[in-house]
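In: Give me a 3D structure for the following:
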Amino acid sequence: MRVNDGVFVSTPKSTKDMERAQAAFHKKEAQAREGATATAEYKAAANAERAKTERLRAMRLAKEAADREAAANAPPPTAKPKAGAKGKKKK
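Out: The predicted model follows:
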């Protein structure tokens, strides 16, 4: 080790150590990039799901309101005579 402006600087003992350190560094960089990409994809999927849910909920509420209005404006059902009352004979 040597001191360079008050900072300890270690010199690699061999090129294998240097290559191993570089490989580990590049691997960590790649993992960080993949993690950022995965996070962005996850957030995009969550936003799309929320938008779809919001759209479907608005459609359902509109249909329910239309059904309530149609039921309120519909004429009342007429009372039908019971089928069994017609054919009975009195003794």
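
In: C-alpha from now on. contacts and neighbour counts both.
Out: OK.

In: chain center to the helix or strand harbouring A36: distance?
Out: Element membership for A36, per DSSP states H and E: helix 15-73. Relative to the chain's own centre, helix 15-73 is displaced by 6 Å; criterion: Cα atoms, centre = their mean, to the nearest Å.

In: One more: stretch 76-84?
Out: That offset, for stretch 76-84, works out to 51 Å (Cα atoms, centre = their mean).

In: buried stuff in that stretch?
Out: Counting neighbours by 16 or more other Cα atoms under 10 Å, one finds that stretch 76-84 has no buried residues.

In: Give me the contact list for it.
Out: Taking Cα atoms under 8 Å, 6 or more residues apart in numbering as the criterion, no residue outside stretch 76-84 touches it.

In: Now do the same for that stretch: mean pLDDT, whole number.
Out: In this model, stretch 76-84 has a mean pLDDT of 74.

In: what's the model's confidence in the helix holding A36, averaged?
Out: 96.

In: Now do the SS call for P75.
Out: Look at P75: counting by DSSP: H, G, I helix; E, B strand; the rest coil, its state is coil.

In: Kindly apply the preceding question to K80 instead.
Out: From three-state DSSP, the assignment for K80 is coil.

In: residues near M18, how many?
Out: 13 (other Cα atoms under 10 Å).

In: ok, now A21?
Out: Neighbour tally, A21, other Cα under 10 Å: 13.

In: centroid residue for this structure?
Out: A46 (3.1 Å; Cα atoms, centre = their mean).
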